[in-house]
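> Here is a sequence together with a model predicted from it:
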Amino acid sequence: MMWFNLAQAQSSFMPTEGTKIAAQVDNLYGFLLVASLISCVILIGGMIFFVWKYRRKTNNDKTAYITHNTFLEFLWSFIPLVIFLGVFAWGWYVYHDMRSMPKNALEIHVFGKQWAWEFEYKSGVKTGNLIVVPVNKDVKLIMTSKDVLHSFYIPSFRIKQDVIPGTYTALWFNADKMGEFHVFCAEFCGTQHSGMLATLKVVSQADYDAWLEEESQVGTLPLAKRGEKIFAVKACASCHSSTDAAVKVGPPLFKKFGTLEHVEGAADVTIDENYLRESILNPNAKITKGFQKGVMPAFQGQLSETELNALIEYIKTLK
Ligand code: CUA
């Protein structure tokens with residue numbers, strides 16, 4: 001079946017194949033592409049050839065009046081039927097592999113939200129827009145959304161699944177190449193849909209263990225350092241710059257603490273702990289001049305008091 005393997009000629013045509021299933025999907029896709037090309041040549045080529053061959057040559061030219069040919073009709077129905085049934089069986093086989101969740105997989109919880117991916121490991125480690133997994137290990141993602149429909153898509157693994165609020169959906173993969181892969185949101189989910197990206201890192205089992213161990217120390221870090229982690233996990237940086245005064249979707253937070261903020265339809269306010277608290281929990285209460293209402297999701301109920309303090313302490317250190 002390697003004959004159909006687009007991977008050989010893929011370099012820029014298809015993304016890297018990060019799993020065995022990706023190679024299987026590409027083989028099937030390659031077969032469909034080649035089979036379609038051959039059918040197209042036979043059909044269109046045959047049509048043009050016969051139009052030319054049986055064209056009227058003189059005014060009195062009368063070709064025999066042919067109504068049908070049972071054997072030919074049987075052939076051109078039966079051969080495609082066999083091919084289609086073969087493609088169905090082949091597709092079913094690959095899809096079955098793709099959708100049968102392995103037992104004893106490493107399970108990771110995934111949350112989609114406008115507009116970031118959050119990951120939660122069983123040990124309690126949380127990451128934002130970053131998922132780290134060991135190589136050659138079955139990994140099962142248990143996914144749900146905190147707001148609207150999203151879709152979790154790893155092009156290099158050829159897998160994609162809707163992420164739906166109020167219910168769980170799942171995906172699994174077994175990455176056989178180490179490296180970094182892209183994760184996209186493949187369901188239009190609002191203003192920053194195209195920025196809803198994550199990185200999937202496939203590392204050795206030893207590196208994975210070390211990483212998980214290091215991440216589980218977060219609870220013992222000083223508040224501001226913890227805040228920096230939460231800032232990353234909640235993907236705050238995709239809308240708020242923490243390193244310069246660049247204006248992204250939201251106002252920058254760099255050197256902002258203690259300064260005056262111009263607010264839409266109200267008097268200026270000093271950026272203090274209370275203002276930050278309110279702006280995180282209920283962002284629509286006071287909108288910074290020049291920005292839009294309703295863009296930032298409310299974090300009410302999503303952060304503990306300690307996490308909130310850690311975030312505020314972190315924002316205070318941005319100078
Ligand atoms: Cu989430 Cu598009």
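On my side now, so go ahead. Bear in mind the structure is a predicted one, so any value in this text is a computation, not a measurement.
> helices or strands up against the helix or strand harbouring residue 311?
Per DSSP states H and E, residue 311 falls inside helix 305-316. When contacts are defined as 3 or more CB pairs under 8 Å, 6 or more residues apart in numbering; DSSP states H and E, helix 305-316 packs onto helix 223-233, helix 273-281. Using the backbone N, CA and C atoms, a C-beta is placed for each residue, glycine as well.
> Give me the contacts around the longest one.
Helix 223-233 has contacts (CB atoms under 8 Å, 6 or more residues apart in numbering) with 118, 126-130, 218-219, 221, 237, 242, 303, 307, 309-317.
> Now the buried members of the residues you listed.
Buried subset of these (neighbour count, 16 or more other CB atoms under 10 Å): 118, 126-130, 218, 237, 242, 303, 307, 309-316.
> can you tell which of the helices and strands packed on helix 305-316 is closest to residue 15?
The closest of the helices and strands packed on helix 305-316 to residue 15 is helix 223-233. By CB to CB, the value is 25.8 Å.
> Now that closest one: buried residues?
For helix 223-233, by 16+ other CB under 10 Å, it's 223, 224, 226, 227, 228, 229, 230, 231, 232, 233.
> Any residues of the chain in contact with the ligand? List them.
Proximity of the chain to the ligand (CB under 6 Å from any ligand atom) is limited to residues 112, 115, 150, 185, 187, 188, 189, 193, 196.
> Let's have those residues in TSV, adding neighbour count and secondary structure.
Shown next, in TSV, are these (neighbours: other CB atoms under 10 Å; DSSP: H, G, I helix; E, B strand; the rest coil):
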residue	neighbour count	secondary structure
112	27	strand
115	24	coil
150	32	strand
185	25	strand
187	19	coil
188	11	coil
189	21	coil
193	16	helix
196	25	coil
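> Need the outlier residue of this protein, farthest from its centre.
Most distant from the centre of the chain: residue 60, at 65.8 Å, with distances by CA atoms, centre = their mean.
> any idea how far residue 52 is from the ligand?
For residue 52, the distance to the ligand (CB to the nearest ligand atom, to the nearest Å) stands at 51 Å.
> Kindly report the same for residue 106.
24 Å.
> That residue: what's its closest spatial neighbour, skipping adjacent residues?
residue 139 (4.9 Å; CB to CB, 6 or more residues apart in numbering).
> so that neighbour is in which element?
strand 138-145.
> Which residues outside the helix or strand following that strand are in contact with it?
Proceeding N to C from strand 138-145, the next assigned helix or strand is strand 150-154, under DSSP H and E. With CB under 8 Å, 6+ apart as the test, strand 150-154 has contacts from 18, 110, 112-113, 117, 141, 143, 159-163, 171, 173, 181-187, 189, 196, 200.
> What pairs with strand 150-154, parallel or antiparallel?
The strands beside strand 150-154 in its sheet (DSSP bridges) come out as strand 159-163 (antiparallel), strand 179-185 (antiparallel).
> now it, how far from the chain's geometric center?
Chain-centre distance of strand 150-154: 3 Å, with CA atoms, centre = their mean, to the nearest Å.
> mind listing what's buried in it?
Those would be 150, 151, 152, 153, 154, for strand 150-154 by 16+ other CB under 10 Å.
> for these, which one is nearest residue 277?
residue 150 (27.8 Å).
> which SSE is residue 16 in?
Going by DSSP H and E, residue 16 is not in any helix or strand.
> What segments of the stretch 1-150 of the chain are helices?
Per DSSP state H, counting those that start in this stretch, the stretch 1-150 of the chain carries helices over the ranges 20-53, 70-99.
> and among those helices, the most buried is which?
Of all these, helix 20-53 has the most neighbours on average by mean count of other CB atoms under 10 Å, namely a mean of 14.
> and that helix with strand 159-163, angle?
110 degrees (axes from the mean of the first three to the mean of the last three CA atoms, to 10 degrees).
> Does anything pack onto helix 20-53? Which helices or strands?
helix 70-99.
> Mind giving me the packing neighbours of the helix it packs on?
helix 20-53.
> Test my guess that residue 286 contacts residue 267.
No: between residue 286 and residue 267 there is no contact under CB atoms under 8 Å: 10.2 Å.
> Looking at those two, which has the bigger crowd around it?
residue 286 (15 against 7; other CB atoms under 10 Å).
> still on that earlier bit, switch the strands paired with strand 150-154 over to TSV; also include mean pLDDT.
Formatted as TSV, the strands paired with strand 150-154 follow (pLDDT from 0 to 100):
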stretch	mean pLDDT
strand 159-163	95
strand 179-185	94
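> Compare these and give me the one nearest residue 92.
strand 159-163 (16.5 Å).
> Now do that closest one: everything it contacts.
Contacts for strand 159-163 (CB under 8 Å, 6+ apart): 21, 98, 110, 112, 143-145, 149-154, 169-171, 173, 186-187.
> Then stretch 90-97?
With CB under 8 Å, 6+ apart, stretch 90-97 has contacts from 21, 24, 25, 28, 31.
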